[in-house]
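Engineer: Just the structure for this:
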Amino acid sequence: MEGHVMIVTQFLEQLQLYWIWFGVATLLLLVEVFAGSFRFMAASVAALIVGVLSHFFPYVEFPVQLLFFGVIAAVLVWTSSFYLNARMKEVNRLREIVASKAYVGREVKLVGGIRNGFGSAHIDDVVWPVNGQDCPAGSQVKVVDMSGAKLIVEPLA
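Structural biologist: Numbers count the residues shown, from 1 in each chain. A predicted model of the protein is given here:
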């Protein structure tokens, strides 16, 4: 038993701290894959940064590295949350539009025309994919239905 403890102790003494940080970064990235909140992604990037710093500055003690990790992770999580919250408001607005079929009955102008049944229209600062009869760019069409994030349109006479 004592021999195993000695082997583990020797292994940990020879192990460079940056490998531990790279392992922590990998584990946090795996957690992010399942969580999908981007908070663990920010912490993973922080662990990666501390790992790189630990590689180039090996004399920095572990408690100091842990402090750096905490500060960097907090800053990255805080800044990413501002970006994500702003982005999620736009995504939620678009989801509400799709769910309520808010554009049905609206007349819109085609951006690139409709070819082979597929095209695009510009509505409220968003370019939407459209399906319908072939029409040239700039044509006025009426939205008759919404299928997911696609608008179903008919040309105006």
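Engineer: could you point out the longest helix in the protein?
Structural biologist: helix 62-100 (DSSP state H).
Engineer: Can you list the buried residues in that helix?
Structural biologist: Gln65, Phe68, Phe69, Ile72, Ala73, Leu76, Val77, Ser80, Ile97, Val98 (16 or more other Cβ atoms under 10 Å). Any C-beta I mention is one placed from the backbone N, CA and C, and that applies to glycine too.
Engineer: So, low pLDDT: which residues of this protein?
Structural biologist: 1, 3, 8-14, 98-100, 157 (pLDDT under 70).
Engineer: Can you give the domain ranges for it?
Structural biologist: 2-99, 107-155 (automatic domain parsing).
Engineer: could you pull out the helices for the chain?
Structural biologist: 2-14, 17-35, 39-56, 62-100.
Engineer: got the contact list for the most centrally placed residue in the chain?
Structural biologist: Residue closest to the average C-alpha location in the chain (Cα atoms, centre = their mean): Phe38, at 7.0 Å. Applying Cβ atoms under 8 Å, 6 or more residues apart in numbering, we find Phe38 in contact with Glu32, Ser80, Leu84.
Engineer: For it, give its distance to Ile49.
Structural biologist: 16 Å (Cβ to Cβ, to the nearest Å).
Engineer: what does Asn131 give?
Structural biologist: 46 Å.
Engineer: Same drill for those two, tell me which one is more crowded.
Structural biologist: Ile49 (17 against 14; other Cβ atoms under 10 Å).
Engineer: Run a quick neighbour tally on Lys142.
Structural biologist: Lys142: 17 neighbours (other Cβ under 10 Å).
Engineer: Please look at it and Glu107 and confirm they touch.
Structural biologist: Yes: when contacts are counted by Cβ atoms under 8 Å, Lys142 is listed as touching Glu107 (5.2 Å).
Engineer: overlap in contacts of these two?
Structural biologist: Leu156.
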